[in-house]
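Colleague: Please work out how this folds:
(one chain, ligands or ions: 1)
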Amino acid sequence: MPNETPQKMLIVALLLCLVCSVLVSSAAVFLKPLQERNKELDMKKNILASADLLQEGADVEQLFQSVEPRVVEFATGEYADSIDPATFEQRAAAKNPQTSTAIPRTQDIARIGRRAKYGLVYLVRNERGGLKYIILPVHGKGLWSTMYGFIALQDDANTVAGITFYQQGETAGLGAEVSNPEWNAKWRQKQVYGEEGQPTLQVVKGTVEPTAPNAEHKVDGIAGATLTSRGVTNLVRYWLGSHGYGPYLSRIREGELNDLNVEGG
Ligand SMILES: Cc1cc2nc3c(=O)[nH]c(=O)nc-3n(C[C@H](O)[C@H](O)[C@H](O)COP(=O)(O)O)c2cc1C
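Modeller: Next up is the predicted model:
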């Protein structure tokens, strides 16, 4: 058969497609564990960074050994130690109607629709075994995307130790500045709760003067990204509020869970 026949060309094209698809799919299969591993490592990095525990050049896995993941029941604010934090997937649980709850419209300021009935918390202890940091996963809508991050609080369950965002799809140079460590640093030492016990912490438009009234409850806005900034205010207020980790944090503030010097599990 001469080389230029339509049949031959078709066979060559089909064979080429087959070879390429085998190559692409085997690369996807073989690289999946590596991707999962990198994702997990990135998450651990962000958890550590939220409490400013990430050290340049240090081994992330080793640093993460000082972090104790636990599971909390949102409704009661109590630890749910029958759930293994190592296998609990909060994001997957939030999608399943059986393991999640719809957020009442009036409370859904983070615009996420549902949340899991249980949530992860990451505890860091001081030398005496007491609480040093409480790190909480948070998420909510920005302008274009759902932003996922961690907020770290000091042992008073009120003072911010830091915040990080590990996944978001806001505009580079504008809303995506939520992931900029320089902006994240502005959150440190801010106070979450106002006199009424509700979260009053907010990202404002412009810069906060240190002498301004309630400056401790205000974080500098991101220039040109007022809508993303508003999204951050709302997600922080939701997750630290009464429908989120509020009941758990209030138990810590009351000293009810403070001295739990036992490993979770
Ligand atoms: C291409 C484009 C991308 C934008 N991306 C964002 C964004 O990621 N976050 C945001 O809050 N605003 C973004 N904006 C601006 C908003 O539309 C809006 O003007 C802005 O949030 C108002 O903030 P300002 O009052 O600080 O200027 C974008 C605008 C344009 C034209």
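Colleague: helices and strands around the longest strand seen in the chain, which ones?
Modeller: When the chain is parsed with DSSP state E, its longest strand is strand 131-141. On a contact count with 3 or more CB pairs under 8 Å, 6 or more residues apart in numbering; DSSP states H and E, strand 131-141 meets strand 118-125, strand 146-154, helix 226-239, helix 246-253. Quick note: C-beta positions are derived from backbone N, CA and C, even for glycine.
Colleague: cutoff 7 Å now
Modeller: Counting contacts by 3 or more CB pairs under 7 Å, 6 or more residues apart in numbering; DSSP states H and E, strand 131-141 packs against strand 118-125, strand 146-154, helix 226-239.
Colleague: Relative to the ligand, which of these is closest?
Modeller: helix 226-239 (3.4 Å; CB to the nearest ligand atom).
Colleague: check whether the closest one contacts the ligand.
Modeller: Yes - counting by CB under 6 Å from any ligand atom, the ligand is contacted by helix 226-239 at 226, 227, 228.
Colleague: circling back: the longest strand of the chain vs strand 146-154, what angle?
Modeller: Strand 131-141 runs at 160 degrees relative to strand 146-154, counting by axes from the mean of the first three to the mean of the last three CA atoms, to 10 degrees.
Colleague: Strand 131-141 pairs with which strands, parallel or anti?
Modeller: strand 118-125 (antiparallel), strand 146-154 (antiparallel) (DSSP bridges).
Colleague: With mean pLDDT and distance to residue 214 as extra columns, can I get the ones you listed in JSON lines?
Modeller: Output for the strands paired with strand 131-141, formatted as JSON lines (pLDDT from 0 to 100; distance: least, CB to CB, whole Å):
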{"stretch": "strand 118-125", "mean pLDDT": "97", "distance to residue 214": "27"}
{"stretch": "strand 146-154", "mean pLDDT": "97", "distance to residue 214": "18"}
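Colleague: Out of those, which one sits most buried?
Modeller: strand 146-154 (a mean of 22; mean count of other CB atoms under 10 Å).
Colleague: I'd like to check the angle between that strand and helix 246-253, please.
Modeller: 10 degrees.
Colleague: ok, residue 19 to residue 28 distance?
Modeller: 15 Å (CB to CB, to the nearest Å).
Colleague: returning to what we had before: ok, of the residues of helix 226-239 next to the ligand, which one's closest to residue 52?
Modeller: Proximity of these to residue 52 (CB to CB) peaks at residue 228, which lies at 22.8 Å.
Colleague: Could you verify my assumption that the closest one touches residue 178?
Modeller: Yes - using CB atoms under 7 Å, residue 228 is in contact with residue 178, at 6.2 Å.
Colleague: quick one: common contacting residues for those two?
Modeller: Both residue 228 and residue 178 are in contact with 170, 222, where contact means CB atoms under 7 Å, 6 or more residues apart in numbering.
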